[in-house]
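Colleague: heads up, no residue letters with this:
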């Protein structure tokens, strides 16, 4: 009987070992599947992180550009209001020219004031443009009158009724012009 019992014990041991090996094999395959899943999750999270980081950097750059643009053009409305002052100074100078000595000192004072205003405009990027003699460009000028002139090509600017200005290469005010028909 000892041999039967021993054989039975051996069979039970073998069965237990086989079951244990199966369980260990399943556990190892589960561990490998788990490791693969962790690796996959890690790659996805890393990719998401890189994308979010890049998006944040782009947002930071756009915000900085917007801030710079806002600062650069913040005085646009103020500068536009001052253009009327510049126009009036120019009209005063034109009216006083040729009036003789009676207006000489006044003319000099108005010219100095106009010169100072032009310096302030330039300091803040406001510049006058003059396209007289050039082809009309609807981006810079507004036609208020057309005059027949056989000496020049059609569409050429003959004179300027109101000066045009830019601020940092952006139109602040269109020039009002007379062009050849």
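Modeller: Nice, thanks for sending it over. No experiment lies behind these values; they were computed from the predicted model shown.
Colleague: how far does the helix or strand where residue 119 lies sit from the chain's center?
Modeller: Using DSSP states H and E, residue 119 maps to helix 104-123. In terms of Cα atoms, centre = their mean, to the nearest Å, the gap separating the centre of helix 104-123 from the centre of its chain is 35 Å.
Colleague: helices and strands around the lowest-mean-pLDDT helix or strand in the chain, which ones?
Modeller: When each helix and strand of the chain is scored by mean pLDDT, DSSP states H and E, helix 2-73 comes last, with a mean of 82. Where contact means 3 or more Cβ pairs under 8 Å, 6 or more residues apart in numbering; DSSP states H and E, helix 2-73 is not packed against any helix or strand. Just so you know, the C-beta spots here come from the backbone N, C-alpha and C atoms, and that holds for glycine as well.
Colleague: offset the numbering so it begins at 789, please.
Modeller: Sure, I'll start numbering at 789, so the last one becomes helix 790-861.
Colleague: ok, then the element right after that helix?
Modeller: Trace forward from helix 790-861 with DSSP H and E and the next one is helix 864-884.
Colleague: could you report the pLDDT at residue 942?
Modeller: If you check residue 942, the pLDDT there is 90.
Colleague: that's a strand at residue 954, yeah?
Modeller: Yes. Counting by DSSP: H, G, I helix; E, B strand; the rest coil, residue 954 falls inside a strand.
Colleague: measure the closest residue to it other than its chain neighbours to residue 951 for me?
Modeller: Nearest residue to residue 954 in three dimensions, chain neighbours excluded: residue 915, at 5.4 Å (Cβ to Cβ, 6 or more residues apart in numbering). Distance check for residue 915 against residue 951: by Cβ to Cβ, to the nearest Å, it reads 10 Å.
Colleague: before we move on, back to that, got the angle for the least confident helix or strand of the chain vs helix 864-884?
Modeller: Counting by axes from the mean of the first three to the mean of the last three Cα atoms, to 10 degrees, helix 790-861 lies at 20 degrees to helix 864-884.
Colleague: chain center to helix 790-861, what's the gap?
Modeller: For helix 790-861, the distance to the chain centre is 42 Å (Cα atoms, centre = their mean).
Colleague: same deal with stretch 948-968?
Modeller: On Cα atoms, centre = their mean, the centre of stretch 948-968 falls 24 Å from the chain's centre.
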